[in-house]
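In: sequence and predicted structure are below.
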Amino acid sequence: MPRPTHASPQTLRLFEALLTEPDRWRYGYDLSRETGLASGTLYPILMRLAAQQLLDTDWEASDEPGRPPRHTYRLTADGLALARERLTAAARKQRGPAAAFVPRKA
């Protein structure tokens, strides 16, 4: 059975990082450090999510002369909903099918 899109462990780690402060613009380098994902893994995921309009992207000019602008990222409303959905599904899967039938204490 094929895995649903956006459910790889690497994508889930990126979603977790982006959900910590969903309104904040994030640099790829900071996301790489936070998630532990190498640039060769992280940037293709960021590009795919941006192409699917799940990420907003922007360029931020550097304060230092001669430094190039930096690319920044944050989840769109659709990306935010998908990230929450995928992380919830992954958590349910980890707990197992019986967890869905056990009421949680308030």
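Out: Good, I have the coordinates.

In: roughly how far apart are residue 79 and residue 95?
Out: Applying C-beta to C-beta, to the nearest Å, the value for residue 79 to residue 95 is 25 Å. The C-beta positions use only the backbone N, C-alpha and C, and glycine is treated the same way.

In: same question for residue 76.
Out: Distance check for residue 76 against residue 95: by C-beta to C-beta, it reads 29 Å.

In: compare these two (neighbour count), which wins?
Out: Legend: neighbour count by other C-beta atoms under 10 Å for residue 76 and residue 95, higher for residue 76 (16 against 11).

In: how about the helix or strand bottoming out on mean pLDDT in the chain: buried residues?
Out: For the chain, counting by mean pLDDT, DSSP states H and E, helix 77-95 ranks last in confidence among helices and strands (a mean of 91). By 16 or more other C-beta atoms under 10 Å, the buried positions in helix 77-95 come out as 79, 80, 82, 83, 86, 87.

In: what does stretch 11-21 give?
Out: For stretch 11-21, by 16+ other C-beta under 10 Å, it's 11, 12, 13, 14, 15, 17, 18.

In: so which helix or strand takes in the most centrally placed residue in the chain?
Out: When C-alpha atoms, centre = their mean is applied to the chain, the residue found nearest the centroid is residue 15 (2.4 Å). Secondary structure from DSSP states H and E places residue 15 in helix 9-20.

In: tell me which helix or strand comes right after that helix.
Out: strand 26-27.

In: can you confirm residue 44 is in a helix?
Out: Yes - using DSSP: H, G, I helix; E, B strand; the rest coil, the secondary structure at residue 44 is a helix.

In: give me the distance between it and residue 50.
Out: Taking C-beta to C-beta, one finds residue 44 at 11 Å from residue 50.

In: the more surrounded of the two?
Out: The neighbour count for residue 44 versus residue 50, taken as other C-beta under 10 Å, is higher for residue 50 (16 against 11).

In: surely that one is in contact with residue 74?
Out: No - with contact defined as C-beta atoms under 8 Å, residue 50 does not count as touching residue 74 (10.6 Å).
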